[in-house]
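Q: How does the following fold in three dimensions:
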Amino acid sequence: MSKGKKQSPHTLIFLKGLLLSFGIYLLGQLLVTLLVVKGALREEGMFPAVAALCLLSALAGGFLCARRPVWGPLPSAMMCAVLFAGILAAMGILCWGEGITWLGQGGILILCALAGGLLAGLSGSGHRKKKRRKIAAL
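A: Model prediction:
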């Protein structure tokens, strides 16, 4: 038996990143809704807040995937962001029967999710191995 750390399957890393992104997004949506209802945030400021929330959610999930890269930091973070954007698009299609204006606000949210994954992939460097230095004997 080895005493090393067990490595999780690759899909589990993406699932954790996706769940983190979606959890932050849902909690943030509740907070934005509460701020609008209480009057702390005007209705005109609701969409920019949701767009920023979408970017930050994808950024958090992308960081998680970029820290334990499967294919490298950028592709792993972008895969998590694409999965998150896919869930946002699927939820939009399922919830709004008349359709989504992809060239309007719906497309901006998808672009914000992809931008969050891109930022996470560019700034996430994965694990770096430290170089061992030889110390001269005295």
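Q: quick one: the helices in this protein?
A: 10-38, 46-67, 73-95, 105-123 (DSSP state H).
Q: ok and the first one relative to helix 105-123, angle-wise?
A: Relative orientation of helix 10-38 and helix 105-123, computed by axes from the mean of the first three to the mean of the last three Cα atoms, to 10 degrees: 130 degrees.
Q: distance between helix 10-38 and the chain's centre?
A: Its chain's C-alpha centre and that of helix 10-38 lie 9 Å apart, by Cα atoms, centre = their mean, to the nearest Å.
Q: okay, the helices of the chain, which one's buried deepest?
A: Comparing the helices of the chain by mean neighbour count (mean count of other Cβ atoms under 10 Å), helix 46-67 ranks first with a mean of 22. C-betas here are computed from N, CA, C, even on glycine.
Q: just how off-centre is that helix within its chain?
A: On Cα atoms, centre = their mean, the centre of helix 46-67 falls 5 Å from the chain's centre.
Q: hmm, back to that, tell me which of the helices of the chain lies nearest to I135.
A: helix 46-67 (30.2 Å; Cβ to Cβ).
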